[in-house]
Structure formats: structure tokens, C-alpha cells
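Undergrad: Below are the sequence and a predicted model; questions follow.
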Amino acid sequence: MTGATGVQDGECVTLELLKQKMADFTKERNWERFHSPRNLLLALVGEVGELSEIFQWKGEVPKGLPEWEEEEKVHLGEELSDVLLYLVRLSDVCGVDLGKAALRKIELNAIKYPKPSSE
Ligand SMILES: Nc1ccn([C@H]2C[C@H](O)[C@@H](COP(=O)(O)OP(=O)(O)OP(=O)(O)O)O2)c(=O)n1
């Protein structure tokens, strides 16, 4: 089953697929002129603000969000997606391979913050 997403159940959603879908979405609407690096960065920051609003005034919430209504979780997924999609698109228009850059950064993090030595 692919449902509305075009992705098979159990199939991994790759950054490459999201990048291609965002590129197609933009081209089909002739919006490429709006998707400049600066505009995308501002859009990304705006969506981070919308994501923050969901948690605003709630205080600390337990992992898994057990007390949240389904509707709130759907909304959370939408705002997380907006952030991810603008990040993927920003990386693309800047010519940065986000997946490779992120893997490299994880390596750098591991060097900067070594595992505790076993006693
Ligand atoms: N110029 C644009 C406008 C929108 N989008 C895409 C990327 C985001 O995933 C989503 C953002 O759409 P909206 O600006 O309508 O923001 P919201 O979906 O958050 O709506 P609202 O701000 O009304 O909650 O659409 C895009 O790629 N380029």
C-alpha cells in the first residue's frame, strides 16, 4: 500500500526523495524565483516558531506525549515536516548534500565528545 504519500508501507523515506519532491513542487508552481537561500532560511525560522508555539506554555512534557490528543500530534507532525522540508530545500539550493553533511557532523561530534572509557 502506498496511500497518498506514494511510499510503500515500511519503505524508508530518504532525504533524496524529499529533495526531489520539493524541487518538483517548486517547479510545477514556477516558484523557483521565491526559493532563494535567504527566503528559505526565513521560511524555515518561521516554521521553527510555529513548532515552538505547540509546546509554548505547556511546561515540560513527557516523552511520547502520552497525554496529547491525536489532533495535536498530527499538528506537531505537520510543523516538524515544514521545518524538515524547508531545511532540505535550503540545503538543495545551497548545493549542500545534507545527508552526507549530517553524517560527517556526527563523526565530528564523536571526536569532540568521546565515549566515556570503560572502567
Ligand atoms: N513559497 C512556498 C510556500 C509553501 N511551501 C511549502 C513548504 C512548507 O511545507 C509549506 C508551508 O506552507 P505555509 O506557508 O502555508 O505554512 P503552513 O502550512 O505552516 O500554514 P500556516 O502558516 O497557515 O499554519 O508549504 C513552499 O515550499 N514554498
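TA: Nice, I can see it.
Undergrad: Could you use CA atoms for every contact and neighbour count after this?
TA: OK.
Undergrad: what separates the spatially most central residue of the chain from V74, distance-wise?
TA: The centre of the chain sits closest to L84, judged by CA atoms, centre = their mean, with a distance of 1.8 Å. Applying CA to CA, to the nearest Å, the value for L84 to V74 is 15 Å.
Undergrad: now swap in A4 and tell me
TA: 16 Å.
Undergrad: Between those two, which is the more surrounded one?
TA: V74 (11 against 6; other CA atoms under 10 Å).
Undergrad: mind saving the C-alpha coords of the host helix or strand of that one as PDB?
TA: Using DSSP states H and E, V74 sits within helix 70-93. Extracted as PDB, the C-alpha positions of helix 70-93 are listed here (Å, rounded to 0.1, in the frame of the first residue of the first chain):
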ATOM      1  CA  GLU A  70      -4.300  12.700  18.300                       C
ATOM      2  CA  GLU A  71      -5.200  16.000  16.600                       C
ATOM      3  CA  GLU A  72      -2.300  17.800  18.500                       C
ATOM      4  CA  LYS A  73       0.100  15.100  17.400                       C
ATOM      5  CA  VAL A  74      -1.000  15.400  13.800                       C
ATOM      6  CA  HIS A  75      -0.400  19.200  14.000                       C
ATOM      7  CA  LEU A  76       3.000  18.500  15.600                       C
ATOM      8  CA  GLY A  77       3.900  16.200  12.600                       C
ATOM      9  CA  GLU A  78       2.900  19.000  10.200                       C
ATOM     10  CA  GLU A  79       5.100  21.600  11.800                       C
ATOM     11  CA  LEU A  80       8.100  19.200  12.100                       C
ATOM     12  CA  SER A  81       7.600  18.400   8.400                       C
ATOM     13  CA  ASP A  82       7.500  22.100   7.400                       C
ATOM     14  CA  VAL A  83      10.900  22.600   9.300                       C
ATOM     15  CA  LEU A  84      12.400  19.500   7.600                       C
ATOM     16  CA  LEU A  85      11.100  20.400   4.100                       C
ATOM     17  CA  TYR A  86      12.500  23.900   4.200                       C
ATOM     18  CA  LEU A  87      15.800  22.600   5.600                       C
ATOM     19  CA  VAL A  88      16.000  20.100   2.800                       C
ATOM     20  CA  ARG A  89      15.100  22.700   0.200                       C
ATOM     21  CA  LEU A  90      17.600  25.200   1.700                       C
ATOM     22  CA  SER A  91      20.400  22.700   1.600                       C
ATOM     23  CA  ASP A  92      19.500  21.800  -2.000                       C
ATOM     24  CA  VAL A  93      19.500  25.400  -3.300                       C
END
